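K.L.:
This is the structure alone, sequence omitted:
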């Protein structure tokens, strides 16, 4: 008889989003089993840039320093130029958000993020990030089963059953309360659910060659990391460096056709020399090492729903929910990691019995809007505009979608769902979808701002300095300068640490409350509710209790 396993959550797919889902569930002490058909990471580096928000999430589970240690040191959006060959003249530098300051020359100005976040964005290739995530998941007691392939699945009112084979092809089954599908852009689980997608759709197939060539590494000294190439041999090509000695040449055609790569290594190296601009006499085959080659579909799509309909026990995350092509904004894998974090704390609350299953419905409400906005932002920008020229999407959207501030897209998008309560004028409906984070003033649905606090020791002296973001994680948190909110409120939210502002008056200004006001923050660091001052007509305990009953979807007592 095949082994039968039981757990709270089954995760199908163990790439970066599946591993992130496992990581955030493990941090919440939720039991799970992750199955992944491969035994390790892909040899292709794939994603490389991890945004400030992603690093905030990894900081919350103790991984910030480990990831920083693997970083190439490059920060900010990659710079891109046009050229006939790498060794030839470089011209027409293009920027992710358009021309910086009306001038296309030179590096785009790098914003100062120190007032917005305690972390830095990093450049670490995905094949180096994933082992760090796997290691931390195992440290936290997670169950990762690599080399295991799902063969079938089903859901009913009480849970989900997954049938799979182990590395020796022996079958086993997993019974869990929930299933998270992280099985990629061609998700079998999404297809089984019959969930359609929207967006620009399939555009073309791209072929790629991953290689090393030490003779060209000196080009990195000029600060450029991406090259759009076109010459007599390469009609439309793209060269990118991973800043660790690895390079990738990507080939497509303006008409979208995708001829297969030459099968011989010698012919592939000939293509690489055409991109580099060196003849065989100066760049022999021995100077180039081909590491891998393959192809992938360039497409943009967002699932019509990120979860199954009733009984609602299956959720899509990452590329299974939104296939977004590689882009300089970091809107692909980073978006999937944020999916994982949003879903994990909600699964934890429901699994513990602290919230009703209806809380899980807010995952789709909050994350699908983010994915749709980022999809549109990718294709309205110069990097991808040529790919959608003449398409139905361009006719319907190009004049309607404006290029938004990149920091606003990453750190300033509003969540609208039943896990957020709108308490007054200027909150919730009617607000823009995104703003730069410093323009928000603690409105419910926005990300809690970063500011520096000092922990106050029991003797009243100052302790270590922490970010406000370090206060959030597993519990709901109430922030207030007024001790009258304390007392009975401790029954419902975490208010166990006493902190004081490093900069006097910053808390009230950034969170939009008076000295007697309070802010209720969710475990993911998003503001659920706020009160500009303590109400005079009702007990604070009852106010917080009633609000939590709504936004945390408390079960009936």
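P.N.:
Thanks, I have it. In this text the structure is predicted, and so the values were computed from the model without any measurement.
K.L.:
Does the closest residue to residue 327 other than its chain neighbours belong to a helix, a strand or coil?
P.N.:
With sequence-adjacent residues excluded and distances taken as Cβ to Cβ, 6 or more residues apart in numbering, residue 327 is closest to residue 378, at 5.0 Å. Using the backbone N, CA and C atoms, a C-beta is placed for each residue, glycine as well. Three-state assignment for residue 378 (DSSP: H, G, I helix; E, B strand; the rest coil): helix.
K.L.:
check contacts around residue 378.
P.N.:
Applying Cβ atoms under 8 Å, 6 or more residues apart in numbering, we find residue 378 in contact with 300, 324-325, 327, 329, 331, 384.
K.L.:
Would you check how far apart it and residue 236 are?
P.N.:
Per Cβ to Cβ, to the nearest Å, residue 378 is found 19 Å from residue 236.
K.L.:
Give the helix, strand or coil label for residue 238.
P.N.:
Under three-state DSSP, residue 238 falls in the strand class.
K.L.:
Residue ranges of each domain in the chain, please.
P.N.:
Per automatic domain parsing, the domain ranges recorded for the chain read 4-74+120-196+304-397, 199-299, 418-551.
K.L.:
looking only at pLDDT, what's the mean for the last one?
P.N.:
In this case it means domain 418-551. In this model, domain 418-551 carries a mean pLDDT of 82.
K.L.:
and it, how far apart are its ends?
P.N.:
End-to-end distance of domain 418-551 (Cα to Cα, to the nearest Å): 6 Å.
K.L.:
Kindly report the same for the second one.
P.N.:
When the termini of domain 199-299 are compared using Cα to Cα, they are 9 Å apart.
K.L.:
Return the mean pLDDT over it, rounded to an integer.
P.N.:
91.
K.L.:
the helices in this structure, which residues?
P.N.:
16-27, 52-59, 64-70, 126-139, 188-193, 265-276, 333-351, 361-380, 382-385, 392-397, 406-411, 506-511, 540-551 (DSSP state H).
K.L.:
hmm, back to that, of all the contacts of residue 378, which two lie farthest apart?
P.N.:
Greatest spacing in the contacts of residue 378, by Cβ to Cβ: 300 and 329 (13.0 Å).
K.L.:
Of these two, which one has the most company?
P.N.:
Neighbour comparison, residue 300 and residue 329: the larger count goes to residue 300, with 25 against 22 (by other Cβ atoms under 10 Å).
K.L.:
ok, the more buried one - contacts?
P.N.:
199-201, 203, 323-325, 375, 378-379 are the contacts of residue 300 under Cβ under 8 Å, 6+ apart.
K.L.:
Please report how far the residue of the chain most remote from its centre lies from residue 394.
P.N.:
Largest separation from the mean C-alpha position in the chain: residue 281, at 44.9 Å (Cα atoms, centre = their mean). Using Cβ to Cβ, one gets 45 Å for the distance from residue 281 to residue 394.
K.L.:
Residue 217 too?
P.N.:
38 Å.
K.L.:
Which parts of the stretch 351-500 of the chain are strands?
P.N.:
452-456, 462-467, 477-480, 499-501 (DSSP state E, counting those that start in this stretch).
K.L.:
Report the inter-axis angle for the longest one versus helix 52-59.
P.N.:
When axes from the mean of the first three to the mean of the last three Cα atoms, to 10 degrees is applied, the directions of strand 462-467 and helix 52-59 differ by 130 degrees.
K.L.:
Given strand 462-467, what are its sheet partners and their directions?
P.N.:
Partner strands and pairing direction for strand 462-467 (DSSP bridges) are strand 452-456 (antiparallel).
K.L.:
How far away from the center of its chain is the partner strand?
P.N.:
29 Å (Cα atoms, centre = their mean, to the nearest Å).
K.L.:
List the buried residues for it?
P.N.:
Buried residues in strand 452-456, defined by neighbour count with 16 or more other Cβ atoms under 10 Å: 453-454.
K.L.:
What are the contacting residues of that strand?
P.N.:
By Cβ under 8 Å, 6+ apart, the residues outside strand 452-456 that reach it are 118, 462-468, 471, 497-503.
K.L.:
And the residues you listed, which two are furthest apart?
P.N.:
118 and 498 (19.8 Å).
K.L.:
These two: which has the busier surroundings?
P.N.:
Comparing residue 118 with residue 498 by neighbour count (other Cβ under 10 Å), the higher total belongs to residue 118, at 20 against 15.
K.L.:
doesn't residue 469 make contact with the more buried one?
P.N.:
Yes: the pair residue 118 / residue 469 is scored as a contact, 6.4 Å apart, by Cβ atoms under 8 Å.
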